[in-house]
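Predicted structure and sequence below. I'll ask about it afterward.
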Amino acid sequence: MKGVLAIALLAAAGTIQAGADSLLQNGGFETIDAGDRPQGWAFKQHAGVRAYQFAVDDEAFRGKRSMRITRLQKQVWGMVEQNVPASDLIGKTVEFTVRVRAADVGPRGFSVDLGGFAGSTMLQRVQSERITGDSDWTKVSLRLEVPEGSTQVMVGVTLNDAGSVWIDDARLRVVKPRS
Ligand SMILES: [Ca+2]
């Protein structure tokens, strides 16, 4: 009986993880690939010396895992991001919500980003206020009307100073149809 219950609970958790209401892949960072990287997410940093650790962490807001960015040595910025095809989103308003947690983040802080891109050209971007210091899990929401000509919508978190940022429960959904 106990075994049956465990299976039922796992099935329910799987449904939540799949995030039928989200356009993002693996927004909970629960699925990792052979290289211990979270599926669906990419990592970038400013040119020069490799200065960040991008790691799946067991300090989770929901489920068993989150994503952590830690700056290991001085560098301008490092970010985790995911791109979603924009073809069905043009003119619609999308909302990106994510939970973030911070430890020892310096005064330049970190930000949550949502943008419309045509290839590598940024057409429009909204950014949260910079968050600094230490904070427990906090929800951040951003909205963007996806501009004409966008090929992809980018969501991400960018660390601009020393410290660590954890990210979990990332969701992207349409909140307003094309007007
Ligand atoms: Ca998670």
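That came through, no problem. Keep in mind the model is a prediction, meaning the values are calculated, not measured.

which parts of this protein sit against the ion?
By Cβ under 5 Å from the ion, the residues of the chain that approach the ion are 28-29, 60, 62-63, 65, 168. C-beta here means a position set from N, CA and C on the backbone, and glycine is covered the same way.

Using a markdown table, lay out the residues you listed together with secondary structure.
Below are those laid out as a markdown table (DSSP: H, G, I helix; E, B strand; the rest coil):
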| residue | secondary structure |
| --- | --- |
| Gly28 | coil |
| Phe29 | coil |
| Ala60 | coil |
| Arg62 | coil |
| Gly63 | coil |
| Arg65 | coil |
| Asp168 | strand |
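
name the element Ser141 belongs to?
Using DSSP states H and E, the element containing Ser141 is strand 131-145.

Can you list the strands that the following helix or strand past that strand pairs with?
Using DSSP H and E, the helix or strand that follows strand 131-145 in sequence is strand 152-159. According to DSSP bridges, strand 152-159 has the following sheet partners: strand 78-85 (antiparallel), strand 93-118 (antiparallel).

For Thr132, find the nearest of those strands.
The closest approach between Thr132 and any of these, judged by Cβ to Cβ, belongs to strand 93-118 at 4.2 Å.

Just the residues contacting the following helix or strand past the closest one, thanks.
Following the chain from strand 93-118 toward its C-terminal end, the next helix or strand by DSSP H and E is strand 121-127. Residues from elsewhere that reach strand 121-127 (Cβ atoms under 8 Å, 6 or more residues apart in numbering): 111-117, 142-144, 147, 149-150.

Give the partner strands of strand 121-127 in its sheet and their orientations.
Strand 121-127 pairs in its sheet with strand 93-118 (antiparallel), by DSSP bridges.
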